[in-house]
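Participant: need a structure here:
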Amino acid sequence: MNEIKSNEVLGETFPGRYWRELGDGRIQCDVCPRECKIHEGQRGLCFVRANVGGAMVLTTYGRSSGFCVDPIEKKPLNHFLPGTPVLSFGTAGCNLTRKFCQNWNISKARQFDKLADRATPEMIAAAAEQTGCRSVAFTYNDPVIFLEYAVDVAQACRERGIKTVAVTAGYISEAPRAEFYRHMDAANVDLKAFTEDFYKGLCSSRLASVLDTLKYLKHETDVWFEITNLVIPGHNDGDAEFEEMTQWVVENLGPDVPLHFSCFHPDWKMTATPNTPPDTVKRARRIALKNGVHHAYTGNTHDAEGGSTYCHGCGAVLIGRDWYELSTWNLTGDGKCAKCGTACAGVFHGPPGRWGRKRVPVSFSKTAA
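Facilitator: Modelled structure (predicted):
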């Protein structure tokens, strides 16, 4: 566990949910399957949920590591309001120990000076509206660990007609999972690999819990979701694993859940691991399509074919993409192929957006209390 230093200023804290007293001075956090048992003055592994006065508190409520308007395709979501801008933000900390984390400077942050901006849920919803964003994304680090803040932001957004997106590893327990996803409109779930050995060795977590979340999203909610698999050379890049993963997705979630195979770049504690060759993610995409996945994509590499959306009925290009730029649009207003009429799964409201690849930072520092 992480000790709260005697000279550390926590700032405002917020009462946490999903915890219990253990009767020995400790409390147990029940937000994720890790179930951290925390002494007074300690934080859980995520670093942001702490035992203060014998109760669970969230120490990052209303505090962010930064806000930015991104293309929705960067989350990545290719079937959710394509071409539109999304107001993205995260806080600090993470409930996994990913040695390959691509956002480690945020998710592994242990200093609160990483949290530069303060913003209430209402301020975030208003900023999304003012910047023309159709949605707000909880990203950069996993929103599961700041559940209370994310839910409040989602409620404020919903009042203004703004949708919310969770970019998550899906490592969450049953009761908080129900509350969390009740307020989300879309999600991208990072399915990091398809072996328990990978999850145990590189993430200190369990694959089974993530698969439970995916099945819950598909069969118990109306949340639109897509899956990302970060392909790491020598760890989860074998054909047998791609075969097993994609077959499981089709059998348990159906063929319409999009799969994104993304290239790894050396980072955090895996700087000696080489970049993923583009041919590897292309190979994974071919296996997924062969096994019946309707929409499989490549990411973190320039591949217009692997980034585009095709009709699974006639094969026509429905949405052409070059990185985050939309080059072709052959969907009708209700999300059907303009050529053959086959429906394309997703959330398509009206014509496509034209945000492209722009990335615009947003600061609350002048207006936040």
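Participant: mind splitting the protein into its structural domains?
Facilitator: In the domain annotation for the chain, the residue ranges read 2-58, 63-306+341-352, 308-340 (automatic domain parsing).
Participant: what's the most buried one of these?
Facilitator: The highest average neighbour count among these, using mean count of other Cβ atoms under 10 Å, belongs to domain 63-306+341-352 at a mean of 20. The C-beta positions use only the backbone N, C-alpha and C, and glycine is treated the same way.
Participant: any idea how far apart the tips of stretch 293-301 sit?
Facilitator: End-to-end span of stretch 293-301 (Cα to Cα, to the nearest Å): 20 Å.
Participant: partners of the strand ranked longest in the chain, with directions?
Facilitator: If you go by DSSP state E, the chain has its longest strand at strand 224-231. Pairing partners of strand 224-231, with direction, according to DSSP bridges: strand 186-190 (parallel), strand 259-263 (parallel).
Participant: dump those strands to CSV, plus mean pLDDT and distance to Thr91.
Facilitator: Shown next, in CSV, are the strands paired with strand 224-231 (pLDDT from 0 to 100; distance: least, Cβ to Cβ, whole Å):
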stretch, mean pLDDT, distance to Thr91
strand 186-190, 98, 17
strand 259-263, 97, 23
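Participant: want to try JSON lines for those, with distance to Gly201 as columns?
Facilitator: Shown next, in JSON lines, are the strands paired with strand 224-231 (distance: least, Cβ to Cβ, whole Å):
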{"stretch": "strand 186-190", "distance to Gly201": "17"}
{"stretch": "strand 259-263", "distance to Gly201": "20"}
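Participant: nearest to Glu325, of these?
Facilitator: strand 259-263 (17.2 Å; Cβ to Cβ).
Participant: for the following helix or strand past that closest one, packing partners?
Facilitator: Scanning forward in sequence from strand 259-263 by DSSP states H and E, the next helix or strand is helix 278-290. Contact here means 3 or more Cβ pairs under 8 Å, 6 or more residues apart in numbering; DSSP states H and E; on that basis helix 278-290 packs against strand 224-231, helix 239-253, strand 259-263, strand 296-299, helix 304-307.
Participant: contacts made by the second one with the rest, please.
Facilitator: Just to be clear, that refers to helix 239-253. Here helix 239-253 makes contact (Cβ atoms under 8 Å, 6 or more residues apart in numbering) with 191, 193-195, 211, 214-215, 218, 227, 229, 257, 259, 283-284, 287-288, 291-293, 296.
Participant: distance of Glu241 from Leu289?
Facilitator: 16 Å (Cβ to Cβ, to the nearest Å).
Participant: what's the answer for Phe198, then?
Facilitator: Distance from Phe198 to Leu289, by Cβ to Cβ: 23 Å.
Participant: what's the answer for Phe89, then?
Facilitator: Counting by Cβ to Cβ - Phe89 and Leu289 are separated by 34 Å.
Participant: does Glu226 touch Glu73 like I think?
Facilitator: No. Under the criterion of Cβ atoms under 8 Å, Glu226 makes no contact with Glu73, lying 10.5 Å away.
Participant: with adjacent residues omitted, what lies nearest to the residue nearest the centre of the chain?
Facilitator: Nearest to the mean C-alpha position of the chain, by Cα atoms, centre = their mean, lies Val167 at 1.2 Å. Counting by Cβ to Cβ, 6 or more residues apart in numbering, Val167 lies nearest to Thr139, which is 3.9 Å off, once chain neighbours are set aside.
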